[in-house]
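**Q** Sequence and computational prediction follow.
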Amino acid sequence: MSNPQKHKIQRQSDARRSAQLQDGGVTPHLFRACLRSDGNRRSVALPRAPARASVKPEDGKPGSPEAASTKKDEPAPSPIDLTEQDVDAILDNKSHEDHEARLRVFEPGMWLNDDAIDVILRDFSARNLRFGRVGSTESTILQRSQSERIPAALRKRFRSLAMTDLWLMPVCDSGHWVLFVGHGMDTIDYFDSLLVNGYKTRMVAVLNDFLRCVWGTDVALPEPRTAMCPQQPNGFDCGLHVLRNADIVTRHPGSHHIIPFLPNELRAYYKAVYQSLL
């Protein structure tokens with residue numbers, strides 16, 4: 001007997017989603033639209049937040065009942081169903097730029113982007129089957145408030161972090177990259193190459209929001225420990241230090257491989273690593 005699901009007519013929203021994915025890849029805007037889809041019947045949509053009541057002063061009486069009005073939310077994105085194929089595309093986070101364009105982020109004075117960080121960390125985390133990884137796009141876009149949910153397909157993947165010996169999570173805030181290294185649900189280490197600038201509170205907030213969505217609000221999260229690591233001598237090498245720290249913690253304990261430290265050598269070293277993975 002044939003499966004009727006295979007012959008269903010493609011809806012307009014599905015066709016639009018497929019065209020967007022094919023044309024521009026998975027952009028943050030499209031990712032948010034997918035996660036906030038209101039027309040998905042497969043329980044992978046985030047619920048819309050209720051309209052908030054704002055108070056308008058009226059006749060010199062701010063806060064009076066007559067002054068209460070409903071605040072209009074921003075226009076909701078068009079409903080786009082999130083399928084398993086879309087989830088795979090999101091997790092792959094593939095860049096549509098040519099190799100030459102992608103390598104420009106390794107030029108002197110340039111900041112590394114999500115693509116460079118994710119491609120190299122994916123390779124590092126593959127060194128051991130007991131290692132896990134949260135991509136930068138996943139950690140920044142999937143963090144949701146406690147009243148929202150992330151799709152079941154993604155939640156299942158991230159819950160497995162608790163079973164790993166080690167997992168990597170790069171976080172970028174205000175143009176600065178840091179690295180969290182977790183050991184199951186027991187301990188989390190915080191690697192920051194600009195400790196003097198005091199980014200830790202904000203970075204930990206991003207981490208905790210994400211982990212509460214994945215593991216639940218009732219789980220006691222460990223307080224990240226600040227790891228002692230080399231500090232960058234300039235304002236733009238933070239991404240390189242994220243790679244260096246991740247490289248060190250994922251290597252075999254007995255490894256004697258020497259990783260460069262000087263800025264120009266470090267940049268050239270990871271440019272070669274990145275180029276070999278494209």
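**A** Thanks, I have the structure now.

**Q** hey, where'd the strands end up in the stretch 151-278 of the chain?
**A** Secondary structure of the stretch 151-278 of the chain, counting by DSSP state E, counting those that start in this stretch: strands at 166-173, 176-183, 187-191, 225-226.

**Q** Reformat the ones you listed as a markdown table; add mean pLDDT and mean neighbour count.
**A** C-beta here means a position set from N, CA and C on the backbone, and glycine is covered the same way. Below are the strands of the stretch 151-278 of the chain laid out as a markdown table (pLDDT from 0 to 100; neighbours: other CB atoms under 10 Å):
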| stretch | mean pLDDT | mean neighbour count |
| --- | --- | --- |
| strand 166-173 | 93 | 22 |
| strand 176-183 | 96 | 23 |
| strand 187-191 | 97 | 20 |
| strand 225-226 | 98 | 10 |
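
**Q** Verify the stated contact: residue 104 with residue 110.
**A** Yes: the pair residue 104 / residue 110 is scored as a contact, 6.7 Å apart, by CB atoms under 8 Å.

**Q** Distance to residue 124 added to the strands of the stretch 151-278 of the chain, as TSV?
**A** Listed next are the strands of the stretch 151-278 of the chain as TSV, based on distance: least, CB to CB, whole Å:
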stretch	distance to residue 124
strand 166-173	7
strand 176-183	11
strand 187-191	13
strand 225-226	20
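
**Q** Go through those and name the closest to residue 271.
**A** Comparing these by their distance to residue 271 (CB to CB), the top pick is strand 176-183, with 16.3 Å.

**Q** Sheet partners, orientation included, of the closest one?
**A** strand 166-173 (antiparallel), strand 187-191 (antiparallel) (DSSP bridges).

**Q** hey, C-alpha coordinates of it in PDB?
**A** Output of strand 176-183 as PDB, limited to C-alpha atoms (Å, rounded to 0.1, in the frame of the first residue of the first chain):
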ATOM      1  CA  HIS A 176      34.200  38.900  21.500                       C
ATOM      2  CA  TRP A 177      34.600  35.100  21.300                       C
ATOM      3  CA  VAL A 178      35.000  32.800  24.300                       C
ATOM      4  CA  LEU A 179      34.900  29.100  24.700                       C
ATOM      5  CA  PHE A 180      33.000  26.900  27.200                       C
ATOM      6  CA  VAL A 181      34.300  23.400  27.700                       C
ATOM      7  CA  GLY A 182      31.900  21.100  29.500                       C
ATOM      8  CA  HIS A 183      32.400  17.700  31.000                       C
END
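
**Q** got the contact list for it?
**A** Residues from elsewhere that reach strand 176-183, judged by CB atoms under 8 Å, 6 or more residues apart in numbering: 112, 117, 161, 164-172, 188-194, 197, 199-200, 203, 207, 224, 227, 238-239, 241-242, 245-246, 249.

**Q** now do stretch 239-255
**A** By CB under 8 Å, 6+ apart, stretch 239-255 touches 111-113, 116-117, 120-121, 124-125, 127-128, 131, 166, 168, 170, 177-179, 181, 191, 193, 227, 229-230, 232, 257, 259, 261, 263, 266-267, 270, 273.

**Q** Now which of those residues would you call buried?
**A** The neighbour count (16 or more other CB atoms under 10 Å) marks 111-113, 116-117, 120-121, 124-125, 131, 166, 168, 170, 177-179, 181, 191, 193, 227, 229, 232, 263, 266-267, 270, 273 as buried among those.

**Q** Just the ones of those in helices?
**A** For these, the ones inside helices are 116-117, 120-121, 124-125, 263, 266-267, 270, 273, with DSSP state H as the criterion.

**Q** Go through the strands of the stretch 151-278 of the chain and name the closest to residue 136.
**A** So among the strands of the stretch 151-278 of the chain, strand 166-173 is nearest, using CB to CB, at 4.9 Å.

**Q** Name the spans of this structure whose pLDDT lies under the cut-off.
**A** Along the chain, segments meeting pLDDT under 70 span 1-96, 137-154.
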